[in-house]
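*Asks:* got a structure for you, letters missing:
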């Protein structure tokens, strides 16, 4: 028989915790902050208010960290006069301890980098993000448009003023990343999500996520022709055209990608 107010694990899982996966995930800091506040305040809603995100975003953070860790991180009170609460499991406490150790190690590494070339240090930080996505560009958030539960994030390349890109993400993801104008992010996109086509007429580089350029390499394939192109400002992009496309090296081209296919990451 179930007792009202009893603390129960959110997820029954006997796997060994994988904190390396959780802490290696891009931009876990705010998620870790939420977990820490839950441990201190004993409530997901209070933790959300303390960190400055919505209740829904706080749950998303917990779910993501739970999936990455492979074990339950919270015990949640079911019912009860006070409406229930939450506390960290032993694995949740261990994850916070590991996060604190990692934070200390990173701070020490940053201190050692003082006096070195900041540009090289920033590049090294970007390289730490390992992903299968071949298109990666350091960008700055210029502004954001909130449309219900969707946020349209407008970005400008940190290395080429002519390159702009737009991403469409959920409101909760924007909250957890702490996005705002002026913040530096990495924009990423799979090559298979980029559509390559011959450029016809006048280039329309002001159109969202459409860029004109010149083909530099082509790899023909039965499922599509892989196209490497150089865009304005010297940026590189990889995409795909239909099989047996008429594109050739040095052909003028337009590359395009849907806003929802652009992923944002923080180092």
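*Replies:* Good, I have the coordinates. The structure displayed is predicted, hence computed values, not measured ones.
*Asks:* mind listing the strands for the stretch 1-150 of the chain?
*Replies:* 7-9, 74-77, 86-88, 135-147, 150-157 (DSSP state E, counting those that start in this stretch).
*Asks:* Residues contacting the fourth one, please?
*Replies:* What that stands for is strand 135-147. Applying CB atoms under 8 Å, 6 or more residues apart in numbering, the contact partners of strand 135-147 are 122, 126, 129, 151-159, 163-165, 171, 174, 179-191, 194, 235, 237-238. All C-beta spots, glycine's among them, are computed from the backbone N, C-alpha and C.
*Asks:* ok, back up a step: same list (the strands of the stretch 1-150 of the chain) but as JSON lines, adding distance to residue 51 and mean neighbour count.
*Replies:* Below are the strands of the stretch 1-150 of the chain laid out as JSON lines (distance: least, CB to CB, whole Å; neighbours: other CB atoms under 10 Å):
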{"stretch": "strand 7-9", "distance to residue 51": "22", "mean neighbour count": "14"}
{"stretch": "strand 74-77", "distance to residue 51": "15", "mean neighbour count": "18"}
{"stretch": "strand 86-88", "distance to residue 51": "14", "mean neighbour count": "19"}
{"stretch": "strand 135-147", "distance to residue 51": "19", "mean neighbour count": "16"}
{"stretch": "strand 150-157", "distance to residue 51": "18", "mean neighbour count": "19"}
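*Asks:* For residue 199, find the nearest of these.
*Replies:* With CB to CB as the measure, strand 135-147 is the member of those nearest residue 199 (18.8 Å).
*Asks:* Show me what the closest one pairs with in its sheet, parallel or antiparallel.
*Replies:* Strand 135-147 has the following strand partners under DSSP bridges: strand 150-157 (antiparallel), strand 184-189 (antiparallel).
*Asks:* thinking again about what came up before, with distance to residue 63 and mean pLDDT added, can I get the strands of the stretch 1-150 of the chain in JSON lines?
*Replies:* Converted to JSON lines, the strands of the stretch 1-150 of the chain look like this (distance: least, CB to CB, whole Å; pLDDT from 0 to 100):
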{"stretch": "strand 7-9", "distance to residue 63": "14", "mean pLDDT": "44"}
{"stretch": "strand 74-77", "distance to residue 63": "10", "mean pLDDT": "78"}
{"stretch": "strand 86-88", "distance to residue 63": "13", "mean pLDDT": "91"}
{"stretch": "strand 135-147", "distance to residue 63": "22", "mean pLDDT": "93"}
{"stretch": "strand 150-157", "distance to residue 63": "19", "mean pLDDT": "95"}
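*Asks:* out of the ones you listed, nearest to residue 257?
*Replies:* Using CB to CB, the nearest of these to residue 257 is strand 135-147, at 8.2 Å.
*Asks:* Check the offset of the closest one from the chain's centre.
*Replies:* 11 Å (CA atoms, centre = their mean, to the nearest Å).
*Asks:* Confirm residue 166 sits in a helix?
*Replies:* No: looking at residue 166 with DSSP: H, G, I helix; E, B strand; the rest coil, it is strand, so not inside a helix.
*Asks:* For it, list the residues it contacts.
*Replies:* So residue 166 contacts 152, 153, 154, 155, 208, 209, 259, 262 (CB under 8 Å, 6+ apart).
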